[in-house]
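>>> Predicted structure and sequence below. I'll ask about it afterward.
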Amino acid sequence: MMARSFWIGFALTAVGIVGCAKPNEYVQPPPPAVTVAQPVEREVVNQLEFTGNTRATEAVDVRARVNGYLQKIDFADGADVNAGDVLFVIEPAPFEAALDAAKAALQKAEATLSLANADLARTQPLVQRGASTEQELDVKKADVATAKADVASAKAALVQAELNLSYTQVKSPISGRVSRHMVDIGNLVQAEQTMLTRVEAFDPIHAYFAISESDVLALMASTPGTSAASLKENPPTIYVGLTGENGYPHEGKLDFAEAGIDPQSGTQMRRGIFPNSDKSLVPGMFVRVRLPVGSPAPGLMVPDRAIAMDQSGEYVLVVNDKDTVERRPVKLGLRVANMRVVNEGIQASDWIVINGLQRARPGTPVKPERTTELPEVKQLNASDDPAIPSSDAQLSTTTPAKASATGGN
């Protein structure tokens, strides 16, 4: 009984202790930490961006000009050739025989002409003495004229025979790179029908791209020299980049624009020409094209990682002077070295969230950690992107923030 009483008393004591404890209370978690930086100010040349494709400046389908059997291929597939290099040889023997026949025909015609001239010379005195008639003299003159015509015809046939023989050597009409041979030795080649190979010249090389009517008007208004009529006098500089290349390393000139706008597509075809001595650009490539518009103007840039997107469009998160996050819709411009130009939506004094976007929510407080050191700025300064004037390459790698580099607002 005593043991039972002990346990009952112990239980009552424990209940009393629990009943005296304080109830649980909700503790507000600390604001999340985010990294913020001010926009980078740079002089920026606005650029229009297009997608184009490369084409050879010259391209020729090589075909034979005479019928015959292919006797020789005198090039390596894919080799560089010069204008006038022999590419193919068609069996020349039949054409050599035809040339010999043409030479013989010419000799015969010249002999006939010589005889006709001699007959005419003998007939003329006879007519003067009345020993021959005027009719006979006319016949002799006609014989001379006919013989002269036969000589002229024989000479023309000889020239044609020489041409046909020369055509048995199929030569490259331009300098460039030859494709593979389309016909093997021993096959019959049909004049003007059988395609033997193709030669393309792509140093320099063309890049074609289409621009919209609104872009045409913007170019004409802001950049002199870009109208179709003035390209020859002062061609503007344009840039292209290949898939996988950083930026736009290939610099060229805009050298052609169609006179009008295509009413079906609402675009105008334009063309740039680019040096290509290393043959890194080949015909048929898709390229990214940049065309500068206007003069350098001040611009604000933020890192790509600071930009978010939802159904309403692109935006950035800004921490205000009360350490509260604000959502700012933005209108973006060019991307340069992992930085984006922001045309509308922010100011130079704004503190943009660059790290911790997933922890920042519009309308909620945060603990901002300010920084002026951005790796993207170093990349920007090292970039040779045409959108950034070269004079800006020596600027500091810090953002232009005037406030303290650490601490909250």
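Done, it's in.
>>> a strand runs through Leu158, doesn't it?
No - assigned with DSSP: H, G, I helix; E, B strand; the rest coil, Leu158 falls outside any strand and is helix.
>>> my read: it touches Asp100, true?
No - between Leu158 and Asp100 there is no contact under Cβ atoms under 8 Å: 10.2 Å. For every residue, glycine as well, the C-beta is placed using N, CA and C.
>>> higher neighbour count, those two?
Leu158 (18 against 11; other Cβ atoms under 10 Å).
>>> What residue, apart from its backbone neighbours, is nearest that one spatially?
Spatial nearest neighbour of Leu158, chain neighbours left out: Ala102 (4.2 Å); criterion: Cβ to Cβ, 6 or more residues apart in numbering.
>>> That neighbour: what's it in contact with?
For Ala102, the contact set (Cβ atoms under 8 Å, 6 or more residues apart in numbering) comprises 154, 157-158, 160-162.
>>> Ala152 versus that one, what's the distance?
Distance of Ala102 to Ala152, computed by Cβ to Cβ, to the nearest Å: 13 Å.
>>> so where do the helices sit in the chain?
Taking DSSP state H, the helices of the chain run over residues 2-19, 93-128, 134-167, 213-222, 375-382.
>>> Okay, now the unreliable bits of the stretch 201-350 of the chain?
Within the stretch 201-350 of the chain, the segments meeting pLDDT under 70 span 223-231.
>>> tell me the strands in it, going along the chain?
Along the stretch 201-350 of the chain, the stretches classed as strands by DSSP state E, counting those that start in this stretch are 237-242, 250-257, 267-274, 286-292, 297-303, 308-310, 313-319, 325-329, 331-336, 339-344.
>>> residue contacts, Ala104?
Neighbour list for Ala104: empty [criterion: Cβ under 8 Å, 6+ apart].
>>> and it, what pLDDT?
Among the per-residue scores, Ala104 holds a pLDDT of 96.
>>> rewinding a little: now list the buried members of the contacts of Ala102.
Buried members of these, counted by 16 or more other Cβ atoms under 10 Å: 154, 157-158, 161.
>>> which pair in these spans the largest distance?
Spatially, the most separated pair among the buried ones among the contacts of Ala102 is Ala154 and Ala161, at 10.3 Å (Cβ to Cβ).
>>> circling back: would you list the strands of the stretch 201-350 of the chain in a markdown table and tack on distance to Asp138?
Compiled in a markdown table, the strands of the stretch 201-350 of the chain are given as follows (distance: least, Cβ to Cβ, whole Å):
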| stretch | distance to Asp138 |
| --- | --- |
| strand 237-242 | 75 |
| strand 250-257 | 64 |
| strand 267-274 | 66 |
| strand 286-292 | 76 |
| strand 297-303 | 91 |
| strand 308-310 | 100 |
| strand 313-319 | 98 |
| strand 325-329 | 102 |
| strand 331-336 | 89 |
| strand 339-344 | 93 |
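>>> can I see the domain layout of the chain?
Here the domain parsing of the chain from automatic domain parsing is 33-45+298-394, 49-55+201-292, 64-90+171-198, 93-167.
>>> Just put those in a markdown table and tack on distance to Tyr26.
Below are the domains of the chain laid out as a markdown table (distance: least, Cβ to Cβ, whole Å):
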| stretch | distance to Tyr26 |
| --- | --- |
| domain 33-45+298-394 | 17 |
| domain 49-55+201-292 | 51 |
| domain 64-90+171-198 | 76 |
| domain 93-167 | 97 |
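>>> Out of those domains, which gets nearest to Val27?
Smallest distance to Val27 across the domains of the chain (Cβ to Cβ): 15.6 Å, for domain 33-45+298-394.
>>> coming back round to it: closest to Ser312 among the contacts of Ala102?
Checking the contacts of Ala102 against Ser312 by Cβ to Cβ gives Gln160 as the nearest, at 76.7 Å.
>>> Local confidence estimate at the closest one?
Value for Gln160, per-residue pLDDT: 95.
>>> tell me the contacts of it?
Counting by Cβ under 8 Å, 6+ apart, Gln160 makes contact with Ala102.
>>> Same question for Thr197.
By Cβ under 8 Å, 6+ apart, Thr197 lies in contact with 62, 87-88, 178-182.
>>> run the last query once more with 7 Å
Thr197 sits next to 62, 87, 178-182 when contact means Cβ atoms under 7 Å, 6 or more residues apart in numbering.
>>> again with Thr123
For Thr123, the contact set (Cβ under 7 Å, 6+ apart) comprises 132, 136-137, 140.
>>> who wins for most neighbours among those residues?
In the contacts of Thr123, the most neighbours by other Cβ under 10 Å go to Lys140, 20 neighbours.
>>> one step back: check the contacts of Thr197 for burial and list the buried ones.
Taking 16+ other Cβ under 10 Å as the criterion, what is buried in those is 62, 87, 178-179, 181.
>>> will you turn those into CSV that also has distance to Ile73 and pLDDT?
Shown next, in CSV, are those (distance: Cβ to Cβ, whole Å; pLDDT from 0 to 100):
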residue, distance to Ile73, pLDDT
Val62, 12, 96
Leu87, 7, 97
Val178, 11, 96
Ser179, 12, 95
His181, 5, 95
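>>> Farthest pair within these?
Among those, Leu87 and Ser179 lie farthest apart (Cβ to Cβ), at 10.5 Å.
>>> and Thr243, how far is that from Met285?
Thr243 sits at a distance of 8 Å from Met285 (criterion: Cβ to Cβ).
>>> more neighbours, the two?
It is Met285, of Thr243 and Met285, that has more neighbours when counted by other Cβ under 10 Å, with 16 against 8.
>>> my guess is the more buried one meets Val240, correct?
No - the pair Met285 and Val240 does not pass the contact test of Cβ atoms under 7 Å, sitting 9.2 Å apart.
>>> Tell me the residues that contact both of those two, please.
When Cβ under 7 Å, 6+ apart defines a contact, no residue borders Met285 and Val240 alike.
>>> Could you report the pLDDT at Ala401?
Ala401 carries a pLDDT value of 42.
>>> Mind putting the helices of the chain into a markdown table with distance to Gly313?
A markdown table is the format used below for these (distance: least, Cβ to Cβ, whole Å):
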| stretch | distance to Gly313 |
| --- | --- |
| helix 2-19 | 57 |
| helix 93-128 | 73 |
| helix 134-167 | 65 |
| helix 213-222 | 20 |
| helix 375-382 | 22 |
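>>> Of these, give the one that comes closest to Phe274.
Closest to Phe274 of these, according to Cβ to Cβ: helix 213-222, at 19.2 Å.
>>> The closest one versus strand 286-292: what angle between them?
Helix 213-222 runs at 40 degrees relative to strand 286-292, counting by axes from the mean of the first three to the mean of the last three Cα atoms, to 10 degrees.
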